[in-house]
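Participant: the sequence and its predicted three-dimensional model are supplied below.
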Amino acid sequence: MDKQELAAFLRSRRERLRPEDVGLPSGPRRRTPGLRREEVAVLAHISTEYFVRLEQGRAPRPSAEVLAAITGALLLTDAESEHLHLLAGTAPLHRGLVRRDVRPSILAVVERLPQTAAIVISATFEVLAWNALAAALMEDFGERPPSERNLARKAFPVGGQPEQPPFGIADGTEFQRDVVVHLRSARARYPADPTVSALVEELRTGSTEFARLWEQHDVRTAPMLTKTFHHPAVGPVTVDCDSLALTDRDQFLVLYTAPAGSPDADALALLGVLGAEGVRTRA
């Protein structure tokens with residue numbers, strides 16, 4: 001149970017609600033945003049003292065029934081409810097480390113996909129495998145050490161570097177939000193992996209934008225169905241973006257394609273000619 005993250009998450013969800021959202025009168029002007037703690041406690045049919053202790057990180061682990069009641073009181077979405085259970089320790093957790101080994105069958109798929117830029121990423125946005133077209137569209141990850149193949153670090157560069165979208169993608173803000181949401185989930189799922197917490201802390205202290213988005217405690221973003229890469233050799237390339245979950249290792253296979261016969265498909269074909277041969281994997 002991550003008491004401090006649970007407390008912060010509950011506060012963020014309470015403060016976003018208005019009394020009228022839950023059928024309560026707004027009453028006189030309030031000093032702070034959102035519902036009062038006692039209002040949430042009444043709606044959830046729990047004591048105000050216990051909810052206060054939860055928000056202060058001092059309460060023991062809540063039961064599944066209490067969490068269900070709080071979910072209803074705060075009007076949590078399914079994704080938010082799942083995250084609440086993860087933080088409270090009532091949902092299955094990964095007791096080991098983030099998997100970074102890719103199944104050979106997936107490597108074969110990545111290599112053989114025609115006219116498709118494909119990468120495999122870990123739960124913490126490490127690029128674990130990629131094919132020649134992905135290297136041509138994005139970059140040749142094999143030329144970088146493993147620590148520099150992390151898309152989260154590219155989305156939120158630290159060390160005084162300007163924050164800009166990686167690979168010239170046009171939807172940089174949406175991608176940044178997606179990174180924060182998935183890292184928040186990964187941190188809750190892998191409490192025993194120090195590299196996950198270390199990555200989050202590195203970005204929180206090194207990037208003001210990451211820190212700002214992290215404090216919002218969002219746990220769901222809209223799917224990114226297309227991406228536009230501004231490539232120095234062929235110009236803008238708009239591709240369909242499909243992300244397939246590899247649930248056995250908590251990884252994602254990300255595919256970038258373009259409609260047949262489109263200018264974007266022609267641009268990908270040209271990049272395929274410029275790219276190197278074969279699939280690359282994490283060293």
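Facilitator: Now that the structure is in, tell me what you want to look at.

Participant: please make it C-alpha for all contacts and neighbour counts, starting now.
Facilitator: Will do.

Participant: so what's the backbone phi/psi at residue 49?
Facilitator: The phi/psi pair for residue 49 (degrees, to the nearest 10) reads phi -60, psi -40.

Participant: kindly report the same for residue 256.
Facilitator: Per degrees, to the nearest 10, the backbone of residue 256 is at phi -120, psi 120.

Participant: for it, give me its contacts.
Facilitator: Applying C-alpha atoms under 8 Å, 6 or more residues apart in numbering, we find residue 256 in contact with 116, 117, 118, 239, 240, 241, 242.

Participant: who wins for most neighbours among those?
Facilitator: Highest neighbour count within the contacts of residue 256, by other C-alpha atoms under 10 Å: residue 118, with 30 neighbours.

Participant: got phi/psi on the nearest residue to residue 119 once chain neighbours are set aside?
Facilitator: Spatial nearest neighbour of residue 119, excluding adjacent residues (C-alpha to C-alpha, 6 or more residues apart in numbering): residue 130 at 4.2 Å. Main-chain torsions, residue 130, degrees, to the nearest 10: phi -160, psi 160.

Participant: thinking again about what came up before, could you dump the contacts of residue 256 to JSON lines with distance to residue 16 and pLDDT?
Facilitator: Shown next, in JSON lines, are the contacts of residue 256 (distance: C-alpha to C-alpha, whole Å; pLDDT from 0 to 100):
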{"residue": "116", "distance to residue 16": "41", "pLDDT": "92"}
{"residue": "117", "distance to residue 16": "40", "pLDDT": "93"}
{"residue": "118", "distance to residue 16": "38", "pLDDT": "93"}
{"residue": "239", "distance to residue 16": "35", "pLDDT": "93"}
{"residue": "240", "distance to residue 16": "34", "pLDDT": "92"}
{"residue": "241", "distance to residue 16": "31", "pLDDT": "90"}
{"residue": "242", "distance to residue 16": "32", "pLDDT": "91"}
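
Participant: please enumerate residues in contact with stretch 68-76?
Facilitator: Residues from elsewhere that reach stretch 68-76 (C-alpha under 8 Å, 6+ apart): 13, 14, 17, 22, 40, 43, 44, 45, 81.

Participant: now with 7 Å, please.
Facilitator: Outside stretch 68-76, the residues within contact range by C-alpha atoms under 7 Å, 6 or more residues apart in numbering are 13, 14, 40, 43, 44, 81.

Participant: just the ones of these in helices?
Facilitator: Counted as lying in helices by DSSP state H, out of these, are 13, 14, 40, 43, 44, 81.

Participant: ok, those residues vs residue 254, which is closest?
Facilitator: residue 81 (26.4 Å; C-alpha to C-alpha).

Participant: find the nearest non-adjacent residue to that closest one, please.
Facilitator: That would be residue 71: by C-alpha to C-alpha, 6+ apart, it lies 6.0 Å from residue 81.

Participant: next, count neighbours for the one you found.
Facilitator: 21.

Participant: repeat that for residue 177.
Facilitator: 21.

Participant: could you do the one 10 residues further on as well?
Facilitator: A count of neighbours around residue 187, defined by other C-alpha under 10 Å, yields 22.

Participant: can you give me the strands for the stretch 101-250 of the chain?
Facilitator: Listed in chain order, the strands of the stretch 101-250 of the chain (DSSP state E, counting those that start in this stretch) span residues 117-121, 127-130, 226-231, 235-246.

Participant: most tightly packed of those strands?
Facilitator: Among these, strand 117-121 has the highest mean neighbour count (mean count of other C-alpha atoms under 10 Å), at a mean of 27.
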